[in-house]
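In: Fold the following.
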Amino acid sequence: MATEPIILRLTENETAVTAELSPAQAHLLRERFSDHLDVQRDWESGRFLLSAKRSAGIVAVDGLRVYIEPKVPLTNLFYMLTYAYDLPLFRDEEAPLAVGDDLFAFLVDIFIKQVNGLARQGIYRNYIDFEENTTRLRGRLLLGEHLRRNVVQPVRFAQRSNDFTADLPENRILKTTLHRLVGAPFGDDELRRRLRRTLSAFAEVSLVAVRPETCDQIVYNRLNTRYRAPISLAQLFLRYLSLEGHAGPMPFMAYLLPMAEVFERFVARYLAEYFAAHPLMSVRAQESIWLDEAFREKGRLDILLRWAGRSRLIVDTKYKLFDGAPTEADRNQMFMYCHALGVSRAMLLYADARPIDYEARFPGVSLSARSLALDGSLADFRTRCRALGQGLMDDLDR
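Out: Numbering: from 1, shown residues only. From the prediction side, this is the model:
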């Protein structure tokens, strides 16, 4: 009978002291998940200090599951994900807390419901063209290819045919994602049973390797538009779910959302949508720029706000608390960006619940700092997001 795994729970950016971690498990966490967890031995007590970095989700190795809970309320985090990863279908609804505070299981539950909805309507089918060289002519003869290939075997026909099939990229993405989720060692057996039942609806679809970028290649039309939300959710799993087989009974598994990236993507895409109806405002996100005249050093802007076609304000998101003043590194980064673009204003936006009113003038650059609190109710969070957008618009409209 399998031994129940040890369950450890901590919150991002916090440290827990535990005596349940074995030296072997501590070594695995250090070796494979050091970007997300810091593990130190307290030699005086014999315990381990387990510190979560800026990620939220789950890590599973032999005999151990570590749940890293986000500091952001789950409803607010899911709202951020609807912008950051193109899930607009869920934006105007309170996210149902059907599976407690387990972020991974929460997202799996939503994904299952979405894909089951597709399956009930009938999975997408369409005609696909393919070329074949067979003994029966059922398509359009490719005369040149036929003469080249079949001059010595005239009983075969080189032809282009088509089939009405469900073995399409849209369904392959969903099947591959479901298959990976079934193999993930998370603790909810009922979720796994539901995944298997959902996977059975794709029996006629090929199981192929799928990369997150494949999801961006889907062209939506009136026939497959219902796939948009499930495929966006699938991309969220394909991007951050890692499974690795090994000699033990269970694979290593991690599903960890990089919260700093989520915050950056959310702010950029929220502002882009907020300003979409304003004829003079535009937003550029994650844009690479040259920092030197010789075009050898590059930088990457989080957000660039433009007014009437001119670059006016650089916004850099900081998923951390404000400590009275920007760090020297953050300040110098803004100076470089402003100098490279010829922009005189920059703002640092902190994920901090405390109000920030920082303004400083330097030669050629005005630097400010503001906060966007991520806590509280979803209604309050959405109000703060709208206030951020309106404040930036009023500021640039002066």
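In: can you pull out the helices in the stretch 51-200 of the chain?
Out: 74-84, 103-121, 143-150, 169-182, 189-199 (DSSP state H, counting those that start in this stretch).
In: This protein - how does it break down into domains?
Out: Using automatic domain parsing, the domains assigned to the chain come out as 1-71, 126-165, 275-396.
In: Any idea which of those domains gets closest to residue 236?
Out: domain 1-71 (11.2 Å; Cβ to Cβ). C-beta here means a position set from N, CA and C on the backbone, and glycine is covered the same way.
In: gap between that closest one and the chain center?
Out: Offset of domain 1-71 from its chain centre (Cα atoms, centre = their mean, to the nearest Å): 23 Å.
In: What's the mean pLDDT across that domain?
Out: Averaging pLDDT along domain 1-71 yields 87.
In: still on that earlier bit, quick one, which of the helices of the stretch 51-200 of the chain is nearest to residue 316?
Out: helix 74-84 (16.5 Å).
In: tell me the angle of the closest one relative to helix 103-121?
Out: Helix 74-84 runs at 60 degrees relative to helix 103-121, counting by axes from the mean of the first three to the mean of the last three Cα atoms, to 10 degrees.
In: what's in contact with helix 74-84?
Out: 56, 70, 72, 87-91, 94-95, 97, 101, 103, 106, 236, 261-263, 265-266, 269-270, 273, 374-378, 381-382 (Cβ atoms under 8 Å, 6 or more residues apart in numbering).
In: same deal with stretch 328-344?
Out: By Cβ under 8 Å, 6+ apart, the residues outside stretch 328-344 that reach it are 289-291, 299, 301, 304, 311-314, 316, 318, 326, 345-346, 348, 362, 364-367.
In: What segments of the stretch 251-398 of the chain are helices?
Out: 259-274, 328-341, 378-396.
In: What helices and strands are in contact with the longest one?
Out: Going back to what we said before, that points to helix 378-396. On a contact count with 3 or more Cβ pairs under 8 Å, 6 or more residues apart in numbering; DSSP states H and E, helix 378-396 meets helix 74-84, helix 259-274, strand 298-307, strand 310-318.
In: mean pLDDT for the helices of the stretch 51-200 of the chain: which is lowest?
Out: helix 143-150 (a mean of 69).
In: Give me the below-cutoff pLDDT ranges for the stretch 251-398 of the chain.
Out: Where the stretch 251-398 of the chain drops to pLDDT under 70, the residues are 251, 398.
In: could I get the domains of the chain as a markdown table with mean neighbour count?
Out: A markdown table is the format used below for those (neighbours: other Cβ atoms under 10 Å):
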| stretch | mean neighbour count |
| --- | --- |
| domain 1-71 | 16 |
| domain 126-165 | 13 |
| domain 275-396 | 15 |
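In: With distance to residue 113 added, can I get the ones you listed in TSV?
Out: Shown next, in TSV, are the domains of the chain (distance: least, Cβ to Cβ, whole Å):
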stretch	distance to residue 113
domain 1-71	20
domain 126-165	24
domain 275-396	19
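In: So for residue 189, which of the ones you listed sits nearest?
Out: Checked against Cβ to Cβ, the stretch from these lying closest is domain 1-71, at 11.8 Å.
In: rewinding a little: quick one, which of the domains of the chain gets closest to residue 231.
Out: Using Cβ to Cβ, these put domain 126-165 closest to residue 231, at 15.3 Å.
In: first to last residue in the closest one, what's the distance?
Out: 6 Å (Cα to Cα, to the nearest Å).
In: Please, which helix or strand holds the residue nearest in space to the middle of the chain?
Out: Using Cα atoms, centre = their mean, the residue of the chain that lies closest to the mean C-alpha position is residue 236, 4.4 Å off. Taking DSSP states H and E as the definition, one finds residue 236 inside helix 228-240.
In: tell me what that helix is packed against?
Out: Counting by 3+ Cβ pairs under 8 Å, 6+ apart, helix 228-240 packs on helix 103-121, helix 169-182, helix 212-216, strand 252-258.
In: what inclination does the second one have with respect to helix 103-121?
Out: Angle of helix 169-182 versus helix 103-121, following the same axes, to 10 degrees, is 140 degrees.
In: give me phi/psi at residue 375?
Out: phi -90, psi -170 (degrees, to the nearest 10).
In: okay but it is in contact with residue 352, surely?
Out: No - contact criterion Cβ atoms under 8 Å: residue 375 and residue 352 do not qualify, at 10.0 Å.
In: about what we covered before: switch the helices and strands packed on helix 228-240 over to JSON lines; also include mean neighbour count.
Out: Shown next, in JSON lines, are the helices and strands packed on helix 228-240 (neighbours: other Cβ under 10 Å):
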{"stretch": "helix 103-121", "mean neighbour count": "19"}
{"stretch": "helix 169-182", "mean neighbour count": "22"}
{"stretch": "helix 212-216", "mean neighbour count": "15"}
{"stretch": "strand 252-258", "mean neighbour count": "22"}
